[in-house]
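> Provide a 3D model corresponding to the input given below.
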Amino acid sequence: MTTAELSVDQAIAELIATLQPVEGIERVPTSAALARILAEDIASPLDLPAFDNAAMDGYALRAADLALPALQEIGTALAGHAFAGRVEAGTCVRIMTGAPLPAGADTVVMVEDTVREDGRVRIVHPPAAGANVRRRAEHLARGDVVLPSQRQLRASDLGLAAAIGCSELPVMRRLRVGLLSTGDELADPPAPLTTGAAYDANRPFLRASVERSGFTAIDLGICPDRSAEFERVLARVLADRLDAVVISGGAAQGDADIVRRAGGVRFVALNIRPGRGIAVANLTQSDHAMTLLGLPGNAVAAFVMFHLVARPVLLHLAGGIAAVPPSLPVPLAGPVHVRGGRIDYRRACFVRDSRGALTVAPLKDQGSAMLRTVVEADALIAVGPQSDYAAGEPVETIPLALLD
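The predicted model follows:
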């Protein structure tokens, strides 16, 4: 690694330092807010639970009566239907999970720990005093911030928002991202392939990844390897006021790499394989700014560079938090040898060892153009900068389920 090459974290920090997130807040139905970026803190307007209630089906009673030989059952409490009376000494109420705890009761005995005979309930296995009761506000108290601003909303977030009564949520406007591929050799199916041509695989998976990230994807098609044509595309997307354009191909130093040669474009070198770096430009027209992110043309390199660097940058632009995908250490299934010197993101599968423990095994093929290896893999593993790893040695592993 040369001194000019950055780690993934360093590259993201450098890129976002000069980029301002988009402006504009809108309110959307909570049910339609998946993957959107929350624009404001959301505080709970109520206690959750709003009342003491049963955590189990069973009998509500006074802890002081747990040692009695039997209790008189005096009624039933159901979720949404509270028992109207009061639990006095020597009595109990049959109660279902979620039902309000009757007045006078402070403990719930699970039904399987009781025997019911002729309207009387005998406790076979007494619990501790106060057991099996969900206390008011033990989950959330009124005024607690339950969802912080800048959070990209997940399915469980929407459920929590609904639980505190939010029918709408304030979110940042959607980021508008153009997708462009460059190369005279590229075509889109079902067009027939000419000699030396290939179908473009990058735009389809990049579009899916952009949309899954909660952004609006605009397909800009394929640009031939002509600088004048590329400049026309950039002028068009600036006029259309896109927030970003993600380009695959043309970002290296070859004779036909039109992205790298365009005005204002710089190359940020990274200490990783596949990919080696990303082309970047901050373009402006009138009062509008647009970010250009140029990815490698090889499909696997484009996949890795998008998810490790470009997507975090887009999240920052969208008003969220630029964070690399989470990883966890997983032992290698066998020894691994790599070229060394950089961090090599290899495609790998999860396998169980003889004891049933989870390990990870790199695929045999690791070519940067072999998109099949991403399809077959379960994870990316980061190996390097050292060259050799022993079986059982833990390596940082990113499950692909977190990316696709």
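> which element is the closest residue to Thr30 other than its chain neighbours on?
Excluding its sequence neighbours, the residue lying closest to Thr30 (Cβ to Cβ, 6 or more residues apart in numbering) is Ala161, at 5.0 Å. Every C-beta, even on glycine, is put in place using the N, C-alpha and C of the backbone. In this structure, Ala161 sits in helix 155-163 according to DSSP states H and E.
> now for that helix, which elements pack on it?
Here helix 155-163 touches strand 145-147, going by 3 or more Cβ pairs under 8 Å, 6 or more residues apart in numbering; DSSP states H and E.
> partner strands of the strand it packs on and their direction?
strand 42-43 (antiparallel) (DSSP bridges).
> run through who's touching the helix or strand where Ala302 lies.
Assigned by DSSP H and E, Ala302 belongs to helix 299-305. Here helix 299-305 makes contact (Cβ atoms under 8 Å, 6 or more residues apart in numbering) with 201-202, 205-206, 248, 272, 274-278, 295-296, 345, 347, 367-371, 373-374, 380.
> buried sites along it?
Under the neighbour-count criterion of 16 or more other Cβ atoms under 10 Å, helix 299-305 has Ala299, Val300, Ala301, Ala302, Phe303, Val304, Met305 buried.
> tell me the pLDDT at the second one?
Right, the one you point to is Val300. We have a pLDDT of 97 for Val300.
> just to revisit the earlier point, list the residues that contact the residue nearest to Thr30.
Ala161 neighbours (Cβ under 8 Å, 6+ apart): Thr30, Ala33, Ile42, Val146, Leu147, Leu169.
> closest to Pro331 out of those residues?
Closest approach to Pro331 among the contacts of Ala161 (Cβ to Cβ): Leu147, at 35.8 Å.
> tell me what the lowest-mean-pLDDT helix or strand in the chain is packed against?
Least confident helix or strand of the chain, by mean pLDDT, DSSP states H and E, is helix 258-261 with a mean of 88. Secondary-structure packing of helix 258-261 (3+ Cβ pairs under 8 Å, 6+ apart): helix 227-239, strand 288-295.
> helix or strand right after it?
From helix 258-261, the next helix or strand downstream (DSSP H and E) is strand 266-269.
> buried residues in stretch 114-124, which are they?
Buried, per 16+ other Cβ under 10 Å, within stretch 114-124: Thr114, Val121, Ile123.
> now render those residues as CSV, adding distance to Leu71 and secondary structure.
Compiled in CSV, these are given as follows (distance: Cβ to Cβ, whole Å; DSSP: H, G, I helix; E, B strand; the rest coil):
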residue, distance to Leu71, secondary structure
Thr114, 9, strand
Val121, 5, strand
Ile123, 8, strand
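> among those, which one lies nearest to Arg94?
Val121 (8.1 Å).
> show me the contacts for that closest one.
Val121 neighbours (Cβ under 8 Å, 6+ apart): Tyr59, Ala70, Leu71, Gln72, Glu73, Cys92, Thr114, Val115.
> how does it look with 7 Å?
Tyr59, Ala70, Leu71, Glu73, Cys92, Thr114 (Cβ atoms under 7 Å, 6 or more residues apart in numbering).
> so how many other residues sit close to Arg311?
The tally of other residues near Arg311 (other Cβ atoms under 10 Å) stands at 25.
> quick one: it from Met56, how far?
43 Å (Cβ to Cβ, to the nearest Å).
> and what of Ala77?
From Ala77 across to Met56, the span is 13 Å (Cβ to Cβ).
> and the two? Which one has more around it.
Ala77 (25 against 19).
> got a list of contacts for the helix or strand encompassing the more buried one?
Ala77 is part of strand 71-77 when elements are defined by DSSP H and E. Applying Cβ under 7 Å, 6+ apart, the external contacts of strand 71-77 come out as 60-61, 65, 83, 85, 90-96, 99-100, 102, 119-121.
> in PyMOL, select just the buried ones from the residues you listed.
Buried subset of these, written as a PyMOL selection, criterion 16+ other Cβ under 10 Å:
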select buried, resi 60+61+65+83+91+92+93+94+95+96+99+100+102+121
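> tell me where the stretch 1-150 of the chain has helices.
Assigned by DSSP state H, counting those that start in this stretch, the stretch 1-150 of the chain shows helices spanning 8-16.
> rewinding a little: and the helices and strands packed on helix 258-261: which comes nearest Ala137?
The nearest among the helices and strands packed on helix 258-261, by Cβ to Cβ, is strand 288-295 at 44.1 Å.
> out of the contacts of Ala161, who's nearest Arg236?
Ala33 (31.1 Å).
> ok, and the closest non-adjacent residue to the closest one?
Ala33 sits nearest to Leu169 (Cβ to Cβ, 6+ apart), 4.8 Å away.
> could you give the mean pLDDT of the helix or strand hosting that neighbour?
Using DSSP H and E, Leu169 falls within strand 168-172. For strand 168-172, mean pLDDT is 98.
> and whatever helix or strand comes next after it, what does it pack onto?
Using DSSP H and E, the helix or strand that follows strand 168-172 towards the C-terminus is strand 176-182. Judged by 3 or more Cβ pairs under 7 Å, 6 or more residues apart in numbering; DSSP states H and E, strand 176-182 is in contact with helix 202-212, strand 216-223, helix 227-239, strand 244-248.
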